[in-house]
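Undergrad: Compute the structure for the input listed below.
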Amino acid sequence: MKKWKVLTIGSLVCAVCLLIPAFKQDVLDDNLKLMKEQVRAIDPHRPVALLDITPFKWDVLYSFEPYATKEVVYETIGYRWDTVQETVSEDMNQIVFMHDGKVVCHIFGYPSQIGFGMYLVGRDAEDPVARIYSTDHVLLTQTRMEDDILLFQTEK
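TA: Predicted coordinates for the structure are as follows:
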């Protein structure tokens, strides 16, 4: 009887451990989907605040320059993360939104794949990683290229 309880508890722990990464990816996908909806709904003739197109909680975002290595991403966000890839083109986005030290949204790839692209500078234009905090007032202007929406940071 005791072996059965240990086996049952062990199986439950394993099942939970397998479900946690799947849930995390769902949250990231859901937040990206919500953000896409917000981006598609903005007025193309007016600047938009970054906070107005991020319908999830975040405290800092990191926008990585093209060709940033996985190691740079890991070092910046503070831990190894299994879905990080390296960008292989100047046109690709690698943007990570964090909340309480955890990734809550990840924008990766070409704007044509994602449906939109964001080009951010952050506080220091010389830094290869743009850091923007949710308390910063960042405005974005929009340019449309075919079906893609490109958002460019304007002056703060």
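
Undergrad: what secondary structure does the residue nearest to the spatial centre of the chain sit in?
TA: Geometric centre of the chain, nearest residue: residue 106, 2.3 Å, by C-alpha atoms, centre = their mean. Following DSSP: H, G, I helix; E, B strand; the rest coil, residue 106 is assigned to strand.

Undergrad: Who does it form a beta bridge with?
TA: Assessed by DSSP bridges, residue 106 has beta-bridge partners residue 96.

Undergrad: check contacts around it.
TA: 28, 32, 83, 95, 96, 97 (C-beta atoms under 8 Å, 6 or more residues apart in numbering). For glycine as for every other residue, the C-beta is placed from the backbone atoms N, C-alpha and C.

Undergrad: Could you list the low-pLDDT ranges of this protein?
TA: Within the chain, the segments meeting pLDDT under 70 span 1-25, 123, 125, 155-156.

Undergrad: what ranges do the strands span in it?
TA: In the chain, the strands defined using DSSP state E lie at 48-49, 60-64, 93-99, 102-109, 116-119, 129-133, 139-145, 148-153.

Undergrad: which secondary structure elements does the fifth one contact?
TA: Right, the one you point to is strand 116-119. If you count contacts as 3 or more C-beta pairs under 8 Å, 6 or more residues apart in numbering; DSSP states H and E, strand 116-119 packs onto helix 2-41, strand 93-99, strand 148-153.
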